[in-house]
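Let's see this in three dimensions:
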Amino acid sequence: MPPAASLLDELRTQYDAARERTLDHADVEGYQSLDARMRKAFRWLERAIAYLDGIQPPIARTFDLGHGLVFESPRFGRGFVGQHARRIVGYPVLDEINVRYEIVTARALVLDLSPVDALITEKSLDDAGLPFTARRHEDAGGVVRACQLTVPPAIPAGVTFQADYATGVVTVTLVNVDRFDRVSLEFPSTAVDEPLLENLVRTVLGRSDDFLHHARLAGVHGRPAG
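Numbers count the residues shown, from 1 in each chain. Model prediction:
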């Protein structure tokens, strides 16, 4: 007999079914129209990120991870835009856009911590995807008495657009954009236009949070929203 589905699989199936019911399929764009919309968004983002990469404007946000980890004077750093395509009935369509960039900060962070505090801080750094180096100071008996953590002055961040051609839903995932977090939002494909992309860039720069307020929350840290 096949193995019974796990509770998580059952809940995920119900969650996907609920998402399907909330969508009016009469409003789902044809795959060629949605592909054209995604390609237009890709070109717009490619130009915008190139400009931001060149001028490296300040980001009007505070990036505070706790444990004394506060990154000062954040600015937009190096960035690039990538894409992924697949085929629908032999037609190539763009189903994913990836924006990756760095948030550069004024200086590296150097923390002198107890062994216990160092372990807690290292976990927070790992969860945020932040690289670091650790120097452990031992006494004559080889027991670690203190630890120094050094965090480079850069925060990896990104935005991913994933288009579902069956449902017409575009899921946008933000990583370390407005905070140390991973948040997923859902938009109908028809909402992916230039004003939406402009709001996204304003959110990246900390000038507005309108982008976050005009979509359905799909998940935080990869978990489906309740």
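
Which strand residues bridge the most centrally placed residue in the chain?
Within the chain, one residue has its C-alpha closest to the average C-alpha position: by CA atoms, centre = their mean, that is Val175, at 2.1 Å. With DSSP bridges applied, Val175 shows beta-bridge pairing to Gly158, Arg182.

Quick check: beta-bridge partners of Leu150?
No, residue 150 isn't Leu; it's Thr. Val110, Thr133.

shouldn't it be in contact with Leu125?
No. Look at Thr150 against Leu125 with CB atoms under 8 Å: they stay out of range, at 10.7 Å. No exception for glycine: its C-beta is placed from N, CA and C like everyone else's.

circling back to that earlier point, and the residue nearest to the centre of the chain, what does it touch?
Contact criterion CB atoms under 8 Å, 6 or more residues apart in numbering gives 129, 156-160, 181-182 as the residues in contact with Val175.

now Tyr31
Tyr31 sits next to 88, 91, 93, 165 when contact means CB under 8 Å, 6+ apart.

give me that answer again for 10 Å
Applying CB atoms under 10 Å, 6 or more residues apart in numbering to Tyr31 gives the contacts 88-89, 91, 93, 95, 163, 165-166, 168.

among the residues you listed, who's most crowded?
Within these, Ala163 tops the neighbour count with 25 neighbours, counted by other CB atoms under 10 Å.

Help me confirm that that residue comes into contact with Val170.
Yes. Using CB atoms under 10 Å as the test, Ala163 is close enough to Val170 to be in contact (5.1 Å).

list residues touching both of the two?
Overlap between the contact sets of Ala163 and Val170, as judged by CB under 10 Å, 6+ apart, is given by 34, 37-38, 41, 95, 97, 187, 189, 192.

Show me those that map onto strands.
95, 97, 187 (DSSP state E).

So, low pLDDT: which residues of the protein?
Within the chain, the stretches with pLDDT under 70 are 1-5, 16-27, 218-226.

And the strands in it?
63-66, 69-71, 75-88, 91-104, 109-113, 133-138, 144-151, 154-164, 169-175, 182-188, 216-220, 223-224.

quick one: the lengthiest helix in the chain to strand 169-175, angle?
Of all the segments assigned as helix in the chain under DSSP state H, the longest by residue count is helix 31-55. An angle of 20 degrees separates the directions of helix 31-55 and strand 169-175 when computed by axes from the mean of the first three to the mean of the last three CA atoms, to 10 degrees.

Okay, angle between helix 31-55 and strand 91-104 too, please.
Using the same axes, to 10 degrees: helix 31-55 against strand 91-104 is 20 degrees.

tell me how far helix 31-55 is from the chain's mean position?
In terms of CA atoms, centre = their mean, to the nearest Å, the centre of helix 31-55 is set 17 Å apart from its chain centre.

In contact with Thr150, which residues?
Contacts here follow CB under 10 Å, 6+ apart; on that basis Thr150 touches 108-111, 131-135.

and if we set it to 8 Å?
Applying CB under 8 Å, 6+ apart, one finds that Thr150 lies in contact with 108-111, 132-135.

now do Leu52
The neighbourhood of Leu52, defined by CB under 8 Å, 6+ apart, consists of 76, 79, 101, 201, 204.
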